[in-house]
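Asks: Sequence and predicted structure below; questions after.
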Amino acid sequence: MTVKVLIVDDSKLARIVAGKALAELQPDWQKVEAGGGAEALALLDAQPADLALLDFNMMEMDGLELAAELRARHPDMPIAIVTANIQDEIIARARDIGATFVPKPVTSEGLRGFLSGAALRLRSKG
């Protein structure tokens, strides 16, 4: 089974950095990218993803709003909120949605725990 990871960030550079960190840890996983929430939801309608890495600070819809929408559509999807905006309130809101908090800049070390947990959940589900 090929695992598909949705990377959503309004910064192309940030998507590249997250994609490189992902590839270091899980070179066989595929990535799909979106520059914002609406694009991400449209993309998921066309091609489902197994897990999501979401930027917090985006224009049309922030990462927590997108995470809540993804959670409603895909209750078991592993979701990480990726941001440099490290405030207790944002971390708490991410946890309330059932999302993991990953600080920016994204590194393979920073993603390791989330991806390991996601891989376990996907294996037990499949």
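Replies: Yes, it's here.

Asks: What distance do you get for the residue nearest to Gly35 when sequence neighbours are not counted to Leu53?
Replies: Among residues not flanking Gly35 along the chain, Asp10 sits closest, at 5.4 Å (C-beta to C-beta, 6 or more residues apart in numbering). (Each C-beta comes from the backbone N, C-alpha and C, glycine too.) Per C-beta to C-beta, to the nearest Å, Asp10 is found 13 Å from Leu53.

Asks: Compare neighbour counts for these two and give me the winner.
Replies: Neighbour totals were compared for Asp10 and Leu53, and Leu53 leads with 31 against 16 (other C-beta atoms under 10 Å).

Asks: so how far is the helix or strand of the chain with the lowest mean pLDDT from its chain's centroid?
Replies: When the helices and strands of the chain are scored by mean pLDDT, DSSP states H and E, helix 88-97 comes last with a mean of 87. Taking C-alpha atoms, centre = their mean, to the nearest Å, one finds helix 88-97 lying 15 Å from the centre of the chain it belongs to.

Asks: Check which element follows that helix along the chain.
Replies: Next along the chain after helix 88-97, taking DSSP states H and E as the criterion, comes strand 100-103.

Asks: Then the residue nearest to Gly35 would be within a helix, right?
Replies: No. Using DSSP: H, G, I helix; E, B strand; the rest coil, the secondary structure at Asp10 is coil, not a helix.
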